[in-house]
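**Q** The sequence and its predicted three-dimensional model are supplied below.
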Amino acid sequence: QVQLRESGGGLVQAGGSLRLSCAASGRTFSTYAMGWFRQAPGKEREFVSGISWSGARTKYADSVKGRFTISRDNSKNAVYLQMDSLKPEDTAVYYCARGGRFLDPTHETGGYEHWGQGTQVTVSS
């Protein structure tokens, strides 16, 4: 059973930073792409960022490009999302998800089989 647990969310002022972490269970973590998604109230879940199994390739939504940075530490079964220059429109529940094995990350929610419970990020203006 794959378990993903996000942490690091909170309340921050516009222009501030947060670092989200996702801890994953299982011995094959290093072979899977990972992704971060977010869902704001009344909106559909949207792709934020993804990283390949090796960490060599990353993908970002246009709305966060240049502000957010995804990384992973396969020795710790963890993936991170560094969020800088936060804007009120970044307010959402953020989810990490496990993608395909030995694949590049996709922006499609259907490409992710396992999801965490989410962590709330609130950016005040």
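**A** Structure's in. What do you need? Residues are numbered from 1 along each chain as shown.
**Q** In the lengthiest strand in the chain, which residues are buried?
**A** The longest strand of the chain (DSSP state E) is strand 92-101. By 16 or more other C-beta atoms under 10 Å, the buried positions in strand 92-101 come out as 92, 93, 94, 95, 96, 97, 98, 99, 100. In short, each C-beta sits where N, CA and C put it, glycine included.
**Q** Surely residue 33 touches residue 100?
**A** Yes: under the criterion of C-beta atoms under 8 Å, residue 33 makes contact with residue 100 at 5.6 Å.
**Q** which residues are in contact with both of those two?
**A** Common neighbours of residue 33 and residue 100, using C-beta atoms under 8 Å, 6 or more residues apart in numbering, are residue 106.
**Q** Now do the same for the spatially most central residue of the chain: helix, strand or coil?
**A** Central residue of the chain (C-alpha atoms, centre = their mean): residue 36, 2.2 Å from the mean position. Assigned with DSSP: H, G, I helix; E, B strand; the rest coil, residue 36 falls in the strand class.
**Q** so who does it touch?
**A** Contacts of residue 36 (C-beta under 8 Å, 6+ apart): 20, 22, 47-50, 70, 79, 81, 94-97.
**Q** try 10 Å this time
**A** 6, 20, 22, 47-51, 60-61, 64, 68, 70, 79-81, 83, 94-97, 105, 116 (C-beta atoms under 10 Å, 6 or more residues apart in numbering).
**Q** Please apply the same query to residue 3.
**A** Here residue 3 is in contact with 23, 24, 25, 26, 114, 116, 117 (criterion: C-beta under 10 Å, 6+ apart).
**Q** from the residues you listed, which would you call buried?
**A** By 16+ other C-beta under 10 Å, the contacts of residue 3 give 23, 24, 114, 116 as buried.
**Q** Next one: the residue nearest to the first one when sequence neighbours are not counted, what pLDDT does it get?
**A** Taking C-beta to C-beta, 6 or more residues apart in numbering as the measure, residue 23 lies nearest to residue 5, with 4.9 Å between them; neighbours along the chain are not counted. As summarised for this prediction, residue 5 has a pLDDT of 97.
**Q** Many thanks, I have nothing further to ask.
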